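Student: predicted coordinates and the sequence they were generated for:
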Amino acid sequence: MKVRVTIDSAFTEDQVKIEARFMTSEISDLIAYAKDLDKGQTNLTVKKGEAIYLLEWSEIDTIYVENRVLQVTARETCYQSSLRLYQVKEIVPEYFLQISQSEIINLRQIEHLQLTPNGLVKIVLKNKTVTYSSRRYLKRIKEALNL
């Protein structure tokens, strides 16, 4: 992969340009990384008991609401956040996807998907956790995974 950088004070804003023969996972990761740079937030602050942790986005498996509390699972541990789901949705990197009204998952943690007879999508994560998407979000899931 070639990398070319042009520095010129005449530019009105910084820009990243990617030219590729076809979309690969590396190009997709590069796009997500470049977009994340602009967001500025590289981690999520969560709590477990009295302890406060800073979780890197790549460590997070799922983010969901349970009993009106935002739960964050990472490394097979469940943490809580004081944020609301809509607030987290605004700051998560491109590789996170909302799969229901109350859950967002890390696409990089998906092991496999399975369609259920009732129209839901069963999602099995790499840590063997199972979750389900709602039918309302099926189209978004298919678009995100190029299905």
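Tutor: Thanks, I have it.

Student: wait, what's in contact with residue 35?
Tutor: 93-94 (CB atoms under 8 Å, 6 or more residues apart in numbering). (C-beta placed from N, C-alpha, C; glycine too.)

Student: helix, strand or coil for it?
Tutor: With DSSP: H, G, I helix; E, B strand; the rest coil as the basis, residue 35 sits in helix.

Student: what score does it have for pLDDT?
Tutor: On the pLDDT scale, residue 35 is placed at 73.

Student: go on, the one 10 residues further on?
Tutor: The predicted structure scores residue 45 at 92 on the pLDDT scale.

Student: for the spatially most central residue of the chain, name its beta-bridge partners.
Tutor: With distances taken as CA atoms, centre = their mean, the residue of the chain nearest its centroid is residue 96 (1.7 Å). For residue 96, the beta-bridge assignment (DSSP bridges) gives partners residue 106.

Student: does it really touch residue 109, like I thought?
Tutor: No. Judged on CB atoms under 8 Å, residue 96 makes no contact with residue 109 at a distance of 9.8 Å.
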